[in-house]
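J.: with the sequence up front, the predicted model follows.
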There are 2 protein chains.
Amino acid sequence: MRVLGVDPGLTRCGLGVVDGRPGKAVMVAVGVVRTPSGAEPGARLLYLEQEVQAWLERYDPEVVAIERVFADVNVASVMTTAHATAVALLAAARRGLPVVFHTPTEVKAAVTGSGRADKAQVTAMVTRILGLDTPPKPADAADALALAICHSWRGAQTARLTALAEAARR
Amino acid sequence: MRVLGVDPGLTRCGLGVVDGRPGKAVMVAVGVVRTPSGAEPGARLLYLEQEVQAWLERYDPEVVAIERVFADVNVASVMTTAHATAVALLAAARRGLPVVFHTPTEVKAAVTGSGRADKAQVTAMVTRILGLDTPPKPADAADALALAICHSWRGAQTARLTALAEAARR
């Protein structure tokens, strides 16, 4: 299952593509889209949209996994994160791709075994799982890969359980 | 100055087009875009985007005024509102249109004289200012018109002040 993981943000948006099945994951691509905080909000969203669309065309994932954002101390940053989320949602919907959301806790638990792991632990486990020579940087890139790993594992399990349930029903 | 006012929301998004100059405002169009809360988030955003784009093409405003949303008690509703805001921002940016944000307090003060006016007062003043036979409904539609009135008045004043300042500099 090929997954595009999106760590949404307007200043930095992490993107990571992973081919995964439970216990296995191979990195296809990783990167970060940056837009200058001084630019017009609409222009920033437009640029991010073009980049996400280019990634979808280039890597052709089956599903897009986005980090679910909750309220933060910083209201302004939650808003721009939500705007970036909407851009990824729109780009995926335009290609008819399903979108799934995972909370940071789910992602941490999936890759480290603990929902309370810190950023360094997540990066270390992502590096190990994907067999990378160097840790992905910045943290947004590692987070996007962690999301993609998390969903490729969970998604495959969910698909298998659904198949088992369907088989049992026959 | 022709303004498209947007009261952002995913369940109901108010849209109102007004031709205005300080003290004067004429309604061009008003409406509400609704998307079913049970539908896929991406599909809802895509539908809203198509509607906003259709309004921009049909009414050709010079500027888009969007209500600035702050944190709410209901985090989920703030998120979908932010997603709808992003859709309007993107649609405006695609046409090269400027986008301005006004807070609910600014809008209330502009149309009623009080930043603490309630919804009924805002609707009553919008109805009177635009010389409408019946009050616009639902509240999202009235809010979108109030936003457009607010910006057409403030925007025109800002433009006049800028012109005066430039004239004085010569």
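T.: Yep, that arrived.

J.: can you give me the helices for chain A?
T.: Under the criterion DSSP state H, helices of chain A are mapped to A:41-59, A:75-94, A:104-112, A:119-129, A:139-169.

J.: next, the buried residues of the third one.
T.: Read that as helix A:104-112. A:104, A:106-112 (16 or more other C-beta atoms under 10 Å in any protein chain shown). From N, CA and C alone the C-beta is placed, and that goes for glycine too.

J.: let me have the helices of chain A in CSV, extended by mean pLDDT and distance to residue A:13.
T.: As requested, the helices of chain A are exported to CSV (pLDDT from 0 to 100; distance: least, C-beta to C-beta, whole Å):
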stretch, mean pLDDT, distance to residue A:13
helix A:41-59, 97, 6
helix A:75-94, 92, 5
helix A:104-112, 94, 16
helix A:119-129, 96, 17
helix A:139-169, 84, 7
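
J.: ranking these by burial, who's on top?
T.: helix A:75-94 (a mean of 23; mean count of other C-beta atoms under 10 Å in any protein chain shown).

J.: for chain A, list the residues in contact with chain B, please.
T.: Chain A comes close to chain B at residues A:40-43, A:45-46, A:49, A:69-71, A:75, A:78-79, A:82-87, A:89-90, A:92-94, A:99, as judged by C-beta under 8 Å from any C-beta of the partner chain.

J.: how close does the residue in chain A sticking out farthest from the centre sit to chain B?
T.: Within chain A, residue A:170 marks the point farthest from the mean C-alpha position, 35.5 Å out by C-alpha atoms, centre = their mean. Using C-beta to the nearest C-beta, to the nearest Å, residue A:170 is found at 29 Å from chain B.

J.: which strand residues bridge the nearest residue to residue A:151 once chain neighbours are set aside?
T.: Leaving aside its chain neighbours, residue A:151 sits nearest to residue A:65 (3.8 Å; criterion: C-beta to C-beta, 6 or more residues apart in numbering or on different chains). Using DSSP bridges, the bridge partners assigned to residue A:65 are residue A:5, residue A:100.

J.: same check on residue A:30?
T.: residue A:16.

J.: OK, contacts around it?
T.: A:14-17, A:136, A:141, A:144-145 (C-beta atoms under 8 Å, 6 or more residues apart in numbering or on different chains).

J.: ok, so of those, who is nearest chain B?
T.: residue A:15 (17.0 Å; C-beta to the nearest C-beta).

J.: which one of the buried residues of helix A:104-112 sits closest to chain B?
T.: Once C-beta to the nearest C-beta is applied, the member of the buried residues of helix A:104-112 that ends up nearest chain B is residue A:104, at 14.7 Å.

J.: contact partners for that closest one?
T.: A:67-68.

J.: from chain B, how far off is the most centrally placed residue in chain A?
T.: For chain A, the residue sitting closest to the mean C-alpha position, by C-alpha atoms, centre = their mean, is residue A:5 at 2.1 Å. Going from residue A:5 to chain B by C-beta to the nearest C-beta gives 16 Å.

J.: looks like that residue contacts residue A:13 (just checking).
T.: No: counting by C-beta atoms under 8 Å, residue A:5 does not reach residue A:13; the two are 11.0 Å apart.

J.: pLDDT score assigned to residue A:22?
T.: For residue A:22, the pLDDT comes out at 83.
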